[in-house]
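Novice: Okay, sequence plus prediction incoming.
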Amino acid sequence: MQPAKYTPSAKALKFRETALTKAFLVFVDGDTGKRYSRDFSSSSPSAPANKELGLYRLKKMVKTYQTKKHKGGVVRATIYCNLTDTILFKYEKGEWQ
């Protein structure tokens with residue numbers, strides 16, 4: 001029996017569309033995943049998007065995966081601009097480049 005295919009909700013789709021940056025992760029076990037930045041402050045959700053805040057949160061998430069050994073840690077991560085798909089940062093061998 002095959003697992004059910006994931007269908008994102010309308011809220012998740014909107015979150016993906018409005019995120020300014022996204023990260024593509026490769027875990028130690030070979031799994032991959034995408035994560036989208038949260039560019040808004042929780043104390044003021046109506047404030048304009050803050051790209052620096054989103055980048056900080058994505059980088060912190062990768063570091064958290066390393067320390068908590070989530071799926072064995074992250075081998076590689078690449079952060080892209082969600083609008084243009086240009087590479088902004090790369091993470092390899094424990095360092096951001």
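Specialist: Noted; the coordinates are in hand.
Novice: What pLDDT is listed against the residue nearest in space to the middle of the chain?
Specialist: In the chain, the C-alpha nearest the mean C-alpha coordinate belongs to Arg35, at 2.7 Å (CA atoms, centre = their mean). In this model, Arg35 is scored at 91, pLDDT.
Novice: How about Lys51?
Specialist: So, for Lys51, pLDDT stands at 89.
Novice: And it, how far from Pro8?
Specialist: 23 Å (CB to CB, to the nearest Å). In this view, the C-beta of every residue, glycine as well, is placed from N, C-alpha and C.
Novice: Check Val26 too.
Specialist: In terms of CB to CB, Val26 sits 21 Å off from Pro8.
Novice: So which of these two has more stuff around it?
Specialist: With neighbours defined as other CB atoms under 10 Å, Val26 and Pro8 compare such that Val26 has more, 16 against 10.
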